[in-house]
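**Student:** need the 3D shape of this:
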Amino acid sequence: MVTLQDIENAYATLKPVVHKTPLLSSRTLNDLLHNEVWFKGENFQRIGAFKIRGAYNKISSLSEVERRCGVIAHSSGNHAQGVALASRLFGLKAVIVMPHNSVRSKVEATKGYGAEVIFCEDSTDDRERVTDELIKSHGYTLIHPFNDEKLIAGQGTVGLEICQDLSSLDYLFVPVGGGGLISGCATAVKHVFPGVKVIGVETEGANDAFQTFRQKRIVKIPSASTIADGMRTLSVGPLNFEIIMKYVDDIITVTDEDVLTAMRFFFERMKVVVEPTGAVAPAAVLTDKLHLKGKKICGVISGGNVDAEVFRSMLAGVRGEKYVFR
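**Tutor:** A predicted model of the protein is given here:
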């Protein structure tokens with residue numbers, strides 16, 4: 001199991017490479033919710049999302065033989081960019097398997113970092129099938145998007161930075177796709193603030209972790225239907241499951257409409273761009289899903305990579321008066 005020492009080691013590895021992202025706050029929001037709320041702005045990270053942390057930490061641990069063979073990853077976007085940039089920084093060949101309907105701007109950014117992109121069908125199973133075939137043919141090393149200890153430790157530096165910047169914390173809300181981010185963050189914050197409640201958040205149309213947490217076994221859903229592309233993983237990984245069941249206090253869901261409302265709030269009231277997946281955990285805070293009052297709360301904005309035209313069309317259908325949160 002990943003330890004706090006693993007995360008601190010990852011932090012030392014990553015410190016010269018990644019940004020220490022800010023904690024954002026809004027007086028308007030604090031007044032509305034009657035809580036002290038911060039948002040960890042990983043939308044300001046290199047590649048526009050937290051994924052560079054885990055990718056770089058994993059690639060830094062590879063042997064020279066593995067590096068010479070090159071690396072491969074499967075991803076709908078942000079992990080793709082993280083692996084592509086980390087590989088470029090190490091001077092490695094990177095191949096990324098992406099669904100054919102991936103966000104155009106994420107595909108172009110992945111190519112821009114120098115990776116070769118190979119398209120597949122829009123399912124986790126097909127991504128893994130194509131990736132496995134390429135590994136057998138070329139000997140690439142897999143940089144898994146979530147089920148890897150080095151990667152989890154890298155993602156955990158998000159939680160470590162939150163602990164560095166806050167003197168105390170009551171609740172931490174983290175999005176759950178495959179489980180890498182919440183595994184690392186929960187490990188970090190539970191060791192620094194033992195009394196903190198760690199809450200995972202998914203969209204209703206991709207609620208595998210929600211079901212997994214309640215059934216205490218890994219549940220794989222047949223498909224995921226949500227605007228949040230980073231939520232479309234069909235199940236959490238075995239390593240992630242083990243850590244989630246040890247350190248996470250609950251996993252809850254929000255609607256796609258909640259996500260859109262959060263995106264618009266960030267844009268109009270806080271002047272920042274947040275992608276749908278990045279708005280999932282904040283949406284649970286903004287809609288007051290747990291009915292909290294007088295608490296110190298942090299929600300992780302996991303990324304800001306959204307195509308400009310898609311962003312415009314998404315916000316067009318959300319009314320400003322929905323800022324009177326439930």
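**Student:** would you map out the domains in the protein?
**Tutor:** What automatic domain parsing lists as the domains of the chain is 4-49+148-323, 51-142.
**Student:** who does the longest helix along the chain touch, helix- and strand-wise?
**Tutor:** Longest helix in the chain, counting residues (DSSP state H): helix 149-165. Contacts defined by 3 or more CB pairs under 8 Å, 6 or more residues apart in numbering; DSSP states H and E place helix 149-165 against helix 4-14, strand 36-41, helix 51-60, helix 180-192, helix 238-247. In this view, the C-beta of every residue, glycine as well, is placed from N, C-alpha and C.
**Student:** quick check: which of those is nearest to Leu166?
**Tutor:** Distance to Leu166, taken as CB to CB, is lowest for strand 36-41 among these, at 7.1 Å.
**Student:** okay, angle between the helix or strand Thr261 falls within and strand 36-41 too, please.
**Tutor:** According to DSSP states H and E, Thr261 maps onto helix 256-269. In terms of direction (axes from the mean of the first three to the mean of the last three CA atoms, to 10 degrees), helix 256-269 departs from strand 36-41 by 90 degrees.
**Student:** so where does the residue of the chain most remote from its centre fall, helix or strand?
**Tutor:** Distance from the centre of the chain peaks at Ser137, with 30.1 Å (CA atoms, centre = their mean). Per DSSP H and E: Ser137 is located in helix 124-138.
**Student:** and that helix, what does it pack against?
**Tutor:** With contacts taken as 3+ CB pairs under 8 Å, 6+ apart, helix 124-138 sits against strand 71-74, strand 94-99, strand 116-120.
**Student:** Leu33 is nearest to which of those?
**Tutor:** That would be strand 94-99 among these, by CB to CB, at 36.0 Å.
**Student:** what's the first helix or strand after that closest one?
**Tutor:** Heading C-terminal from strand 94-99 (DSSP H and E), you reach helix 104-112.
**Student:** for the helix holding Thr261, what is the distance to the chain centroid?
**Tutor:** 17 Å (CA atoms, centre = their mean, to the nearest Å).
**Student:** tell me the mean pLDDT over it?
**Tutor:** Averaging pLDDT along helix 256-269 gives 93.
**Student:** using CSV, list the CA coordinates for that helix.
**Tutor:** Extracted C-alpha coordinates of helix 256-269, given in CSV (Å, rounded to 0.1, in the frame of the first residue of the first chain):
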residue,chain,number,x,y,z
ASP,A,256,-24.4,16.4,-15.1
GLU,A,257,-26.5,19.5,-14.5
ASP,A,258,-24.8,20.1,-11.1
VAL,A,259,-21.5,19.9,-13.0
LEU,A,260,-22.5,22.5,-15.6
THR,A,261,-23.7,24.8,-12.9
ALA,A,262,-20.4,24.6,-11.1
MET,A,263,-18.5,25.3,-14.4
ARG,A,264,-20.6,28.4,-15.0
PHE,A,265,-20.1,29.6,-11.4
PHE,A,266,-16.3,29.2,-11.7
PHE,A,267,-16.3,31.1,-15.0
GLU,A,268,-18.6,34.0,-14.1
ARG,A,269,-17.9,34.5,-10.4
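**Student:** need the next SSE after that helix, C-terminal direction.
**Tutor:** For helix 256-269, the succeeding helix or strand toward the C-terminus, using DSSP H and E, is helix 280-286.
**Student:** so where's the stretch 201-326 of the chain uncertain?
**Tutor:** The model of the stretch 201-326 of the chain has pLDDT under 70 over residues 318-326.
**Student:** make it 90
**Tutor:** 307-310, 312-326 (pLDDT under 90).
**Student:** circling back to that earlier point, nearest to Ile182, of the helices and strands packed on helix 124-138?
**Tutor:** strand 71-74 (19.5 Å).
**Student:** ok, residues contacting that closest one?
**Tutor:** 55, 59, 62, 79-80, 83, 87, 92-98, 120, 127-128, 130-131, 134-135, 138, 140-145 (CB atoms under 8 Å, 6 or more residues apart in numbering).
**Student:** elements contacting the helix holding Thr261?
**Tutor:** The contact analysis (3+ CB pairs under 8 Å, 6+ apart) places helix 256-269 against helix 27-33, helix 280-286, helix 308-316.
**Student:** I appreciate the help and will end here.
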